[in-house]
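Trainee: no sequence for this one, just the structure:
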């Protein structure tokens, strides 16, 4: 009996991780790649804590930032290279380009979810250089 309960808990955990990844992927694609801010906003919780110092707290602050980004850089696009999930956190490794042909930026986005909704965000950004001392690449 204990083994079945442990298996059921593990299945529940795995399903939650997959659901959280799906939520973040859809949010990211809708907001940043498809310019569908209304659809993206449905994935945000009742409160949204932002740790990026150039983006206001709250869902409205994030949506304003994305709208301004799209106005300044209409070709901006993020390609998700990797996705990880642990507990209530989902991490994206992204190759972002503001304009076609540029080298772009390597970004790590960290999202925290509560009850299936995104409630907190951190990011780390690093420009991709013209050359590197190794051949491993950033992405």
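Mentor: Looks like it came in fine. These figures come from a predicted structure and were not determined experimentally.

Trainee: Can you show me the strands along the chain?
Mentor: Applying DSSP state E to the chain gives strands spanning 44-50, 77-86, 89-97, 105-114, 117-127.

Trainee: Which strands and helices lie in contact with the second one?
Mentor: If I follow you right, that is strand 77-86. With contacts taken as 3 or more C-beta pairs under 8 Å, 6 or more residues apart in numbering; DSSP states H and E, strand 77-86 sits against helix 2-28, strand 89-97. The C-beta positions use only the backbone N, C-alpha and C, and glycine is treated the same way.

Trainee: Sort out which residues of it are buried, please.
Mentor: In terms of neighbour count (16 or more other C-beta atoms under 10 Å), strand 77-86 has its buried residues at 78, 80, 83, 85.

Trainee: number of nearby residues for the nearest residue to the last one once chain neighbours are set aside?
Mentor: The spatial neighbour of residue 85 that comes closest, neighbours along the chain excluded (C-beta to C-beta, 6 or more residues apart in numbering), is residue 17 at 4.2 Å. When neighbours are defined as other C-beta atoms under 10 Å, residue 17 has 17 of them.

Trainee: Residue 17 against residue 83, yeah?
Mentor: No - assessed by C-beta atoms under 8 Å, residue 17 is found out of contact with residue 83, at 10.3 Å.

Trainee: ok, residue 113 - how many residues close by?
Mentor: The burial count for residue 113: 23, using other C-beta under 10 Å.
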